[in-house]
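Asks: Sequence first, then the predicted structure:
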Amino acid sequence: MVGVMKREQQTLTYSGQCFEKIDIRMEYLPNAENPTSVKVHIDTSGKKSLFCKENLFVTTSMRHHIEDLFLPRRHELTFMNLHKDDFNDIKTDGMIVYMFCHGIADSFISVFNTMKLFLGGLGADPKWPIIGSHVPAYMEKANVKFLKDFTGWELKERKTKKVWMTED
């Protein structure tokens, strides 16, 4: 998370992965024709390498935008005709700016791989192949791989599959 712009003309300044300096600010653009407009100004300077790019996610509770920053210049985003509730939300809670650390595609791949760790076995009937009340094979493999890759703990398959226990 880069920061939250809660006030008009508040500037968020940070050094990104591609640019030495990135300044982000917003301004309200109310007028008679469009009383609920917001403009976000993003100024980039000091490009670190020729082909790098910065990916930002500018969001509120109801509006979301992904912006790719490739050239060192002023980038402008205009959110027009916002619903009155959305405009009031921006005035109250602000706009949040996130930075993608590894680019958009890699971030979505990470989200998908994380979802594989937890989603599955949500149904009531264990006979259903993917959504049944059991751990699906893809979920089991994803968790074993995660443990090995990120903790170094390699699970070994057990010979004993069923254990009968007495009530006591």
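Replies: Alright, I've got the coordinates.

Asks: how many neighbours does residue 147 have?
Replies: Using other C-beta atoms under 10 Å, residue 147 has 13 other residues around it. (Glycine included, C-beta is placed from N, CA and C.)

Asks: Test my guess that it contacts residue 153.
Replies: Yes: Residue 147 is within contact range of residue 153, at 4.9 Å (criterion: C-beta atoms under 8 Å).

Asks: Pull the residues that contact the helix or strand bottoming out on mean pLDDT in the chain.
Replies: Scoring the helices and strands of the chain by mean pLDDT, DSSP states H and E places helix 104-118 at the bottom, with a mean of 83. In this structure, residues lying in contact with helix 104-118 by C-beta atoms under 8 Å, 6 or more residues apart in numbering are 55, 66, 68, 100-102, 138-139, 142-143, 146.

Asks: Do a quick rundown of the strands in this structure.
Replies: In the chain, the strands defined using DSSP state E lie at 3-5, 11-14, 19-28, 38-47, 54-59, 64-69, 74-79, 95-99.

Asks: Adjacent strands (with direction) for the fourth one?
Replies: The pairing partners recorded for strand 38-47 under DSSP bridges are strand 19-28 (antiparallel), strand 74-79 (antiparallel).

Asks: Then the second one?
Replies: Partner strands for strand 11-14, per DSSP bridges, with pairing direction: strand 19-28 (antiparallel).
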